[in-house]
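**Student:** fold the following for me, if possible:
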Amino acid sequence: MSKFVDKLQHLSNTSISPIGFRSPVSESKTPGMLLLATLSPLDAKEAEIIAKSNIDGGLILSQELGAEVVKKIVKAVGKVPLGVLIKDANEEKVDELARSGCDFVVFLTGMPAAILHRKEIGKFLMVEPSLDSGLVKTVNSLDIDGVFLNCGEGSFVTVEHLLLCQRFRELLDKPLIVILPSLVNGDVLRNLWEAEVDGVVIPAEQPEEVFVELRRQINDLPKEAKHGRAKASAILPSYGGGMPVEEEEEEET
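**Tutor:** Here you go, the predicted structure:
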């Protein structure tokens, strides 16, 4: 299975508070959301920083990559799962990426539908903010592991970006990862967490200290879900018939 998909599933499972005792150690290792960074296939320094940083994934946005180039980047980023944005690739291209060590692919709606049947690699659909609400809902029927929302325009995260995240979150029952236009601080991360975003993608051209600080801020987010999307609510059994109910006294006439 894709390592990044496994991280997403673990994130979803741990958002449901279990009944009874639970290990504080395992809970402390579970972030409130996942952190990814975009990568340039020609920048070895970026890959080196990503390998050292405790982040959850890297994403190459360049769509014209050979398998050998991907294999080198996979080696450079070490244990960090690497994804690639693809546009018009066929099944053979997807097979090449999988064999090169690519962990997941992100594709557009114009991609051949045959990709939906691939099992050896993580599959994510890239959507634009302008996508019709009706089409967004039908995404839930696709055999994919999640959705990337492209908010990668502008020099900062705006209120409109937050509203878009909330809109897509309400329409989707699949994991939602948001490509952000810039770096974010703890307050904006909290806003995104409250919008129930599962992961954020930031530009990779940052010092290692930036990723360390963002990871710390994400780890400080609450582990439980904010609103209850796809969360199971447990009903505890009642013993002894519950609390007695007082009968109303009849009014004297």
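**Student:** any weak-confidence spans in the stretch 1-150 of the chain?
**Tutor:** 14-30, 63-64 (pLDDT under 70).
**Student:** where exactly do the helices run in it?
**Tutor:** 3-14, 24-28, 44-52, 67-77, 91-99, 133-138 (DSSP state H, counting those that start in this stretch).
**Student:** I'd like to know which elements the last one is packed against.
**Tutor:** The one in question is helix 133-138. helix 159-171 (3 or more CB pairs under 8 Å, 6 or more residues apart in numbering; DSSP states H and E). All C-beta spots, glycine's among them, are computed from the backbone N, C-alpha and C.
**Student:** tell me the spacing between the closest residue to V70 other than its chain neighbours and V74.
**Tutor:** With sequence-adjacent residues excluded and distances taken as CB to CB, 6 or more residues apart in numbering, V70 is closest to S100, at 4.3 Å. According to CB to CB, to the nearest Å, S100 and V74 sit 6 Å apart.
**Student:** what's the answer for A67, then?
**Tutor:** 10 Å.
**Student:** and what of E120?
**Tutor:** Following CB to CB, the distance that separates E120 from V74 is 15 Å.
**Student:** these two - which one has more neighbours?
**Tutor:** V74 (20 against 11; other CB atoms under 10 Å).
**Student:** what residues are up against the more buried one?
**Tutor:** By CB atoms under 8 Å, 6 or more residues apart in numbering, the residues touching V74 are 82, 100-102.
**Student:** so how far is A98 from it?
**Tutor:** Taking CB to CB as the measure, V74 falls 11 Å from A98.
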